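Undergrad: model the following, please.
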Amino acid sequence: MGRQANAGITQTRPGGATREQAAPGFFAPGPRPPGSLHVVAADSRYASAELDPRPAAAARARRLTCQTLTRWDMASLTEDAEIIATEIVTNAINAVPPGTTGLAIVYAIHATPPGLRIYTWDIGPGHPAPADPAPDAVSGRGLAIVNALAERWGWWPTPASGGNVTWAQLPAPA
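TA: The predicted structure is shown next:
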């Protein structure tokens with residue numbers, strides 16, 4: 001993963017402004033809870049946002065993705081990354097139990113030389129599973145879309161915090 005070093009990261013909080021910061025710590029793949037330390041390899045970049053489990057969260061993830069990829073000179077990945085962000089954030093919104101308060105969803109993107117990883121952590125029970133929707137169904141195709149666009153994707157449980165992380169990877173722009 002490269003040598004460890006301080007690196008610029010972008011974080012936003014619900015209703016808050018985006019801010020750049022250098023943060024020491026240890027980098028592990030995926031979103032982190034607020035207040036945790038971040039380290040990324042010297043040749044990587046990271047951006048994240050805490051999202052409320054409401055439909056507007058998908059739009060917020062798209063905005064963060066578009067603005068960040070433009071700043072990182074990775075704009076060629078924006079269309080696919082925004083679609084993936086929409087699908088995995090929407091799944092996270094649907095997974096969070098109704099009436100949940102506090103931290104429920106963290107969205108993150110992490111760019112390294114092999115590509116771009118897009119992550120969503122949520123506190124919902126269960127795990128993402130591709131559906132087999134009827135031809136006239138209005139939902140149930142999100143993970144099939146992610147599978148079609150991403151180089152690879154997957155998920156892992158987060159027993160300490162509850163829920164799981166869903167991720168997808170796009171190849172680095174040529």
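Undergrad: point out where this protein drops to low pLDDT.
TA: 1-44 (pLDDT under 70).
Undergrad: repeat that with 80
TA: Along the chain, segments meeting pLDDT under 80 span 1-44, 174.
Undergrad: ok, longest helix in it?
TA: Counting by DSSP state H, the longest helix found in the chain is helix 78-95.
Undergrad: list the buried ones in that helix?
TA: For helix 78-95, burial by neighbour count (16 or more other C-beta atoms under 10 Å) applies to 78, 80-93, 95. Glycine gets a C-beta too; all of them are placed from N, C-alpha and C.
Undergrad: once you drop chain neighbours, what's closest to Leu149?
TA: Leaving out its chain neighbours, the residue that sits closest to Leu149 by C-beta to C-beta, 6 or more residues apart in numbering is Asp80, at 4.7 Å.
Undergrad: how near is the one you found to Trp167?
TA: 14 Å (C-beta to C-beta, to the nearest Å).
Undergrad: over to Ala134?
TA: Counting by C-beta to C-beta - Ala134 and Trp167 are separated by 28 Å.
Undergrad: when those two are compared, which one has more neighbours?
TA: Shown here are Ala134 and Trp167; by other C-beta atoms under 10 Å, Trp167 has more neighbours (24 against 8).
Undergrad: is it fair to say the more buried one lies in a helix?
TA: No - Trp167: not assigned to a helix; according to DSSP: H, G, I helix; E, B strand; the rest coil it is strand.
Undergrad: residues touching it, list them.
TA: By C-beta atoms under 8 Å, 6 or more residues apart in numbering, the contact set of Trp167 is Pro29, Gly30, Ile88, Arg117, Ile118, Tyr119, Thr120, Trp153, Gly154, Trp155.
Undergrad: please tell me how far the fifth one sits from Glu82.
TA: With the distance defined as C-beta to C-beta, Ile118 ends up 10 Å from Glu82.
Undergrad: anything in contact with each of these two?
TA: Thr65.
Undergrad: let me see the ranges of the strands in this protein.
TA: Taking DSSP state E as the test, the strands found in the chain are 4-5, 8-12, 19-22, 40-41, 45-51, 105-112, 115-122, 152-157, 164-171.
Undergrad: dump those to CSV, plus distance to Ala129.
TA: What follows is the strands of the chain, written out as CSV (distance: least, C-beta to C-beta, whole Å):
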stretch, distance to Ala129
strand 4-5, 35
strand 8-12, 29
strand 19-22, 36
strand 40-41, 30
strand 45-51, 22
strand 105-112, 18
strand 115-122, 14
strand 152-157, 9
strand 164-171, 11
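Undergrad: cool, thanks, signing off.
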